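>>> A structural model of the following input is requested.
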Amino acid sequence: RDVSLNHYGYSQDFTITGGTLTATHRFVCSVYDGTDLIFYFDGVNTNNDTQVINTGDGYLNFGQSIDISGGNLGDGFVSQYLLYDRAITQDDVSALYNSGAGCDKNAILADTCAGVPAGLPYTHVLITDLYNNATLPDGTTCYLGEVSNTSVSGVCSFYNQTTGLNYSVGSTNYFTATGTAVENSTINTQLLGAFPNVTAYNVEAVAVTTFNLTTAFTSNTTGAGSARLLLPPNASTSVNVTALNYFLLVANITTGSQDLDDKNVSGLYQTTFTINATNKYTGTLLSNFTGYAYHNDTGYNYTFNTTGNTTSFNALLGNYSVYVDVAGYSIGSDNTQSVLVDNTTKNLTFSLYSENSIFINIYDEETSIKILDNVSVIVSGNSSEETYYTTSGGLFVDNLTDGSYSIKFNSANYTQRTYIVSVADRSTQTLNAYLSASTDNVVLSIVDYDTATSLEGASIQQQRIVNGSWVNVESKLSDITGRAQFSFTIGTKYRFVVSYTGYTTKYFELDPIIFTSYYIRLEQIQTITEDYSRVDVTIYNTPQQFVNEQGNNFTLTFGSATGTLESYGYTLTFPGGSSAGAGVSANGETFAYTANITGASFGDRVNLTYWYDSIFNDNTTYTQLYLIDGAPQNGTAAKLKTDSYGMGAVEKGLLAMFIVLLVAFAFAVFGVPLIGVVAGLFLQAYFTYIGYLNIWFVVPSILIGLLVIVGSKK
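The predicted structure is shown next:
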């Protein structure tokens, strides 16, 4: 606010142009030298502000403008004033300003403060921040003995004080510092505002033992897991955190007044992990995906959820299992990757097919080269059928509903081939189709081994060796008659895989395919079914299928929750050994045994017989047979025996009779018909032994042969 000074009766208004009085304390000094009135603001006359003043009787008014109505007062108050009986000099004004008061209150009341004498003893206390050596703001309280003062421009000034007095400096933000005054000296006193104890953690929230803390002015290093760091109070300070094998971490540590608290910084990392996903068919980047990166070495799980087409996060080095899930895309083996991160950055890309889709590759069966001819692909399933065409050797079909699809391939230079593909929700299938110019066909009839009932819907895969590996060249489901027709190339070795729910999967090879039809007999899987006659008795065992030429971990458990068992036992026999056990515990027990099956041939089984008796007198004995997988090897004669050579009983009988007659005729030509008859009987017996002929077919022939032999002797 502008300030006026008036001498009552001889009013002379003037405006101070050297500064404006604001809502803070200002040091204003005016000196009349007999001619001019000189003004000082905070000890300085920067603009040479002077004003001629008229002398005369009347009042001298400060901060008031005299006008006709009685005058206007300035907005504020004068906290302290001093009058001197001489015109003080510029040095006097500076000394007054730097002292904060010039004279104490008692000196003013005693009228002993007549000026600032030259050479007055003084002590200046320069107050700075211990953190950055910066001068503290005005208003810090200082004590020298019993005299107090506040700092101006970072300095507390004391005059005419005895040397050797103790001083103290402090505030609400800083801890108090003390020292001893020295006459006519400036003492630098540094105040401590914040000295927190800092602990550093990595991105997995594990404390790091050895690290360094550095700011623009201070630093500290520790090998004990924590360290104190000098910081300013009531501030947020940027701190660099470094540790061996970690990237630099810039952390902001916020402190309060007189702060000695514990502070935590976190986020030290060793690598930057970037993950994205693409459409496997088009290569387009995908967005809106979620997932996790599981650190196998530490067990920490980094989760992510992004609306963009990439996500990055800081992590530690090591082995990871990474999973990505993209809405509208399949979930399968492509969604998971295992990766070793041993560098400072890792970029990982997932390629996914859209959900409910089939990616098809079409190859030539003979050359394994993609077919670039025009191929029509008919996709049938769920009461719908769509036809597609391709000349690129590939096709992508998506937006399918759940279910089983029949996919037929037709081309001018190739025989029609069919594949069966199952599509499940959020799944994708890759189908490698192989076409050939084959002209021969074979029919497989799938029947129950015991009842010869036709099995509709059995899955049959026809395989052939391409580039050293078995590949599916056609797959079908058996029809209502249990049949399915396949095309093949003459003289080529094929393998067939036949599976049906509740039956043992059968593998067999035809090298080459000789007949136009084959009967394939599937055996039902043997399992122990629940016997509802049992009262409070449970029995279960594993495995349900055994493996040849290795140890099989067999367990059999008898149990009774209320203790009703009286006795129980079992015997287990298998090629290469046997095992037995028994017990009398009322609550039962578990028997464990390693069955080392060796030398199993086709038709061999594992036989489990067990029995139990309870307080209800329900003594019962069970016998179960279990298959031995892997015996015999594919393509052996024993394996083909079960396949019936593709012929029915009448066909086999006629063929066997033809062979017997041919042998007998040969011996008859050489004059020994009787030996021919005997040889024929032995041949029929051999055919029966290997399972080629049923005994009921051979018995009449043997009887006739015996009559011939007896008649010849007579």
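>>> helices of this protein, start to end?
90-99, 105-109, 637-642, 649-669, 673-689, 695-713 (DSSP state H).
>>> out of the ones you listed, which gets the lowest mean score?
Sorting these by mean pLDDT places helix 637-642 lowest, at a mean of 35.
>>> can you tell me which residues contact the residue lying closest to G291 once chain neighbours are set aside?
Of all residues not flanking G291 in the chain, V324 sits nearest, at 4.1 Å (CB to CB, 6 or more residues apart in numbering). No exception for glycine: its C-beta is placed from N, CA and C like everyone else's. Contacts for V324 (CB atoms under 8 Å, 6 or more residues apart in numbering) come out as I275, A277, F289, T290, G291, N335, F350, L352.
>>> can you pick the most crowded of these?
Using other CB atoms under 10 Å as the neighbour criterion, A277 leads the contacts of V324 with 27 neighbours.
>>> who touches that one in this structure?
By CB under 8 Å, 6+ apart, A277 lies in contact with L285, L286, F289, N309, V324, V326, Y329, T349, F350, S351, L352.
>>> tally of neighbours for G299?
G299 has 8 neighbours, counted by other CB under 10 Å.
>>> returning to what we had before: got the contacts of A277 as CSV, with distance to Q550 columns?
Converted to CSV, the contacts of A277 look like this (distance: CB to CB, whole Å):
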residue, distance to Q550
L285, 48
L286, 45
F289, 43
N309, 49
V324, 38
V326, 42
Y329, 40
T349, 40
F350, 37
S351, 38
L352, 38
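>>> among those residues, which lie within strands?
Secondary structure defined by DSSP state E assigns F289, V324, V326, T349, F350, S351, L352 of the contacts of A277 to strands.
>>> among those, which one sits closest to L126?
L126 lies nearest to F289 out of the ones in strands among the contacts of A277, by CB to CB, at 61.2 Å.
>>> next, the distance between the ends of stretch 433-447.
End-to-end distance of stretch 433-447 (CA to CA, to the nearest Å): 27 Å.
>>> for that stretch, list every residue counted as buried.
Neighbour-count burial for stretch 433-447 flags A433, Y434, L435, S436, S438, V442, L444, S445, I446, V447 (criterion: 16 or more other CB atoms under 10 Å).
>>> per-residue pLDDT of the fourth one, please?
This points to S436. Looking at S436, its pLDDT reads 94.
>>> so K263 touches T199, yeah?
Yes - taking CB atoms under 8 Å as the definition, K263 is a contact partner of T199 at 7.5 Å.
>>> tell me which of the two has more neighbours.
Higher neighbour count among K263 and T199: K263, with 20 against 16, using other CB under 10 Å.
>>> count the neighbours of the spatially closest residue to the more buried one that is not a sequence neighbour for me.
Spatial nearest neighbour of K263, excluding adjacent residues (CB to CB, 6+ apart): P196 at 4.4 Å. Neighbourhood size, P196 [other CB under 10 Å]: 20.
>>> P196 and L230, how far apart?
Separation of P196 from L230 (CB to CB, to the nearest Å) stands at 9 Å.
>>> cool, L340 as well?
For L340 relative to L230 (CB to CB), the value is 42 Å.
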